[in-house]
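Chemist: what's the 3D shape of this:
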Amino acid sequence: MKCSTTKDRIVVTGSHYTVEFMTERLLAVLKSGPLFYYGMSLLSAVDTLEGGDTAEAEPKITVVSSTKMEVTVRLDSDSSRWKKKTHVYVFRDDEIEYWTEVVGKGSVERVYFFRGTVEGNEVGSVPGFTQIFSPMPNFIEKQEFHANEYTVIAAGNTQAILDSVRGLGLHGAPLCFVLHEGEASPFLCAGILAKPGEYTFFAYEMNYLSKTARSAAEPIVGTQAFSLDYQGHQQVDGRWETPHLILRFSEGRMDAVRDYVRRLEAYGGTVKRTRKYEAWTYEPICCTWHEQVALGTKGLQKTNFSFKDAESGSYFNYITQENCVRWLDLLEKNGIRPGTFIVDAKWQAQNGDPATDLKKFPDMRGFVDMCHKRGVKVILWFCAWDREGVPDEECLRVNGKPMLVDPTHPVYRKRTAGFLHRLLSDDPGCYNADGLKVDGLTGSPGELDMTTHGGVYGFELERCLLELLHTESKKAKPNCVMGQYTAFPYFADLCDLVRTGDLYTIKGDPLTANKFRADIQRIVMPHVAIDTDGSLRFNCVRGVAEMLQDTPEQGVPCIYQAEWLRQHRDFCIPTIRRFAPEDYEAIKLYWQQYRKQLRWRI
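Modeler: Sure, this is the predicted structure:
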């Protein structure tokens with residue numbers, strides 16, 4: 001590393017980049033190659049509920065140290081909100097690490113990297129690129145965003161997410177964005193480094209615009225800056241250091257994501273998994289959900305072109321012990337034996353404190369034991385955050401009203417231990433199931449006026465719930481599994497089986513959506529079994545055999561139906577039909593082929 005200084009310039013040079021501090025423009029211009037640059041604002045801000053963080057003068061720049069290995073530069077800034085505010089850059093040959101330190105007291109609303117306000121004027125950053133790649137899957141397969149667009153990786157869906165990409169495809173992804181221009185390198189990854197306990201923010205954003213910025217005369221320009229949304233829940237009283245922002249160059253998008261995840265692990269930002277994955281999780285899977293959807297809908301279709309969607313609650317009527325036995329028998333008759341059978345929504349009487357709905361499953365233990373005799377593991381659907389059957393006092397509150405379960409509340413934690421023992425233990429009176437399909441996680445709560453018993457928020461609140469479920473599940477049955485639909489590195493140690501999630505897509509088939517999600521999950525959890533979910537339901541152009549043939553490398557084969565296939569996409573005529581003999585034959589052959597490869601790999 002090399003650092004040169006003149007009266008009005010500081011230039012830091014590495015083998016892959018240069019950074020020139022231009023104080024008169026309040027920019028630190030990062031350049032790599034002949035065309036790529038990113039003009040990073042010298043101003044960053046830590047806004048609070050008590051007021052915005054603004055400056056009245058340019059920051060004072062000091063080169064703290066300069067060696068062959070790294071250069072450290074400090075910017076001391078005045079602040080309307082904090083007694084002291086300092087920005088720190090650490091330049092290394094392969095990366096730039098950046099963070100802000102503040103001293104004072106306040107409720108942090110949002111942390112901005114490379115965006116601030118001076119003398120009443122909002123100052124952002126300047127891109128020498130037009131594209132932002134996000135590893136966060138969504139329901140329209142939009143992974144590339146214009147450099148002016150708002151994009152976010154959040155703990156749960158928000159209205160802005162629903163409006164722009166129809167919903168999150170997974171529950172979390174690596175907290176990084178990749179800045180680039182077309183297919184030309186370099187690709188600059190901007191990722192968040194946080195350690196366990198520091199994930200108290202709800203979202204990592206690019207191009208968040210304040211109300212003032214949205215009303216500007218030229219709002220098309222944007223700020224091209226990063227931010228963390230704390231929603232006022234991060235309390236500071238004394239000295240506080242923001243999570244770090246790491247900037248690294250790579251040769252491609254996925255290389256950038258992979259390099260970021262490995263860097264996060266080295267930083268100590270994840271929890272290392274020590275438990276081995278259960279061998280049975282790599283066996284083919286059958287889930288009941290799309291069979292339920294087909295049965296709930298087919299009675300409403302009068303002709304090929306006259307159709308009406310059923311209320312989703314009606315799908316729950318078809319998850320019965322009698323139907324599950326019949327579906328397993330039907331598959332076995334056609335030479336198809338799943339290694340895992342997922343009993344989906346809603347086998348329980350109440351989601352929040354699950355116990356069998358006896359009208360549907362008069363003998364859940366008998367059903368599970370029957371499956372075990374046939375060599376089939378049983379996973380039960382569980383809806384995270386649902387408070388059905390849970391008293392108000394065990395719930396988190398929004399605007400003072402009980403909304404969802406509160407995993408920080410000691411009474412709810414005791415309740416959870418009790419129902420997980422009931423679901424998973426082989427004790428008399430328990431169900432002896434083999435694991436949970438944890439659903440509903442993209443509905444994770446995040447509100448400004450939200451309160452929890454333990455004062456935990458953001459991604460940390462989600463980990464609190466997942467850790468509770470995982471720990472108590474293992475107490476009930478050490479070899480059980482907890483399935484999630486995530487690619488969030490901080491949750492990876494709690495994921496025993498991962499699914500690619502509801503495969504909504506803008507396309508007429510979900511092959512590329514499935515592959516992309518599995519690719520991201522494989523970066524985060526290289527050895528986990530990936531449940532490829534219900535792809536047949538989201539396909540309206542390919543045959544069953546074609547769909548199966550094109551998905552061998554994505555993960556564990558999974559079907560979501562045993563008899564009835566419903567294929568549907570918005571603005572298309574749905575198809576509801578029985579599986580044909582050739583469909584069963586295609587599934588049987590595919591599963592046989594997969595199992596041969598599985599034995600070879602093991």
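Chemist: Please count neighbours and contacts with C-alpha atoms only from this point.
Modeler: Fine.
Chemist: can you give me the offset of the helix or strand encompassing residue 368 from its chain's centre?
Modeler: Assessed by DSSP states H and E, residue 368 sits inside helix 364-373. Distance of helix 364-373 from its chain centroid, counting by Cα atoms, centre = their mean, to the nearest Å, is 33 Å.
Chemist: Identify the structural domains in this protein and state their residue ranges.
Modeler: In terms of domains, the chain is parsed into 2-267, 284-601 (source: automatic domain parsing).
Chemist: so which of these gets nearest residue 273?
Modeler: Residue 273 sits nearest to domain 284-601 of all the domains of the chain, at 4.6 Å, using Cα to Cα.
Chemist: Tell me who's in contact with residue 459.
Modeler: 155, 199, 200, 201, 202 (Cα atoms under 8 Å, 6 or more residues apart in numbering).
Chemist: Repeat that for residue 204.
Modeler: Here residue 204 is in contact with 152, 153, 154, 175, 226, 227, 228, 229 (criterion: Cα under 8 Å, 6+ apart).
Chemist: change it to 10 Å
Modeler: 110-111, 151-155, 175-177, 191-192, 226-230 (Cα atoms under 10 Å, 6 or more residues apart in numbering).
Chemist: and the single longest helix found in the chain, what does it pack onto?
Modeler: Identified as the longest helix of the chain according to DSSP state H is helix 581-601. Judged by 3 or more Cα pairs under 10 Å, 6 or more residues apart in numbering; DSSP states H and E, helix 581-601 is in contact with helix 321-333, helix 544-549, strand 558-559.
Chemist: partners of the shortest one in the sheet?
Modeler: Strands adjacent to strand 558-559 in the sheet, as given by DSSP bridges, are strand 285-287 (parallel).
Chemist: Buried residues of the partner strand, list them for me.
Modeler: With burial defined by 16 or more other Cα atoms under 10 Å, the residues of strand 285-287 counted as buried are 285, 286, 287.
Chemist: contact partners of it?
Modeler: 324, 327-328, 331, 336-344, 376-381, 531-534, 556-562, 591.
Chemist: Of those residues, which belong to strands?
Modeler: The strands, defined by DSSP state E, take in 340, 341, 342, 343, 377, 378, 379, 380, 381, 531, 558, 559 from the contacts of strand 285-287.
Chemist: The stretch 251-400 of the chain: helices as residue ranges?
Modeler: For the stretch 251-400 of the chain, the helices defined by DSSP state H, counting those that start in this stretch occupy 253-267, 289-298, 312-315, 321-333, 364-373.
Chemist: got it, and the stretch 451-600 of the chain?
Modeler: 458-476, 511-524, 544-549, 581-601.
Chemist: Return the most buried member of those helices.
Modeler: Most buried of these, by mean neighbour count (mean count of other Cα atoms under 10 Å): helix 511-524, with a mean of 22.
Chemist: Report the backbone C-alpha coordinates of that one in PDB.
Modeler: C-alpha atoms of helix 511-524 as PDB (Å, rounded to 0.1, in the frame of the first residue of the first chain):
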ATOM      1  CA  LEU A 511     -36.100 -23.200 -13.300                       C
ATOM      2  CA  THR A 512     -33.800 -20.100 -13.200                       C
ATOM      3  CA  ALA A 513     -35.500 -18.900 -10.000                       C
ATOM      4  CA  ASN A 514     -34.900 -22.200  -8.400                       C
ATOM      5  CA  LYS A 515     -31.300 -22.400  -9.600                       C
ATOM      6  CA  PHE A 516     -30.400 -18.800  -8.500                       C
ATOM      7  CA  ARG A 517     -31.800 -19.400  -5.000                       C
ATOM      8  CA  ALA A 518     -30.000 -22.700  -4.700                       C
ATOM      9  CA  ASP A 519     -26.800 -21.100  -5.900                       C
ATOM     10  CA  ILE A 520     -26.900 -18.400  -3.200                       C
ATOM     11  CA  GLN A 521     -27.800 -21.000  -0.500                       C
ATOM     12  CA  ARG A 522     -24.900 -23.100  -1.600                       C
ATOM     13  CA  ILE A 523     -22.500 -20.200  -1.100                       C
ATOM     14  CA  VAL A 524     -23.800 -19.700   2.400                       C
END
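Chemist: Report the helix or strand with the lowest average pLDDT across the chain.
Modeler: helix 211-214 (a mean of 71; mean pLDDT, DSSP states H and E).
Chemist: any low-confidence regions in the protein?
Modeler: 216-221, 302-313, 550-552, 599-602 (pLDDT under 70).
Chemist: how near is the most centrally placed residue in it to residue 534?
Modeler: Closest to where the C-alpha atoms of the chain average out (Cα atoms, centre = their mean) is residue 172, at 1.2 Å. Distance, residue 172 to residue 534, using Cα to Cα, to the nearest Å: 20 Å.
Chemist: Same check on residue 128?
Modeler: 41 Å.
Chemist: The two - which one has more neighbours?
Modeler: residue 534 (25 against 17; other Cα atoms under 10 Å).
Chemist: Contact partners for that one?
Modeler: Contacts of residue 534 (Cα under 10 Å, 6+ apart): 286-290, 499-503, 510, 514, 557-561.
Chemist: One more: residue 101?
Modeler: Neighbours of residue 101 in contact, by Cα under 10 Å, 6+ apart: 46, 76, 82, 84-88, 239-243.
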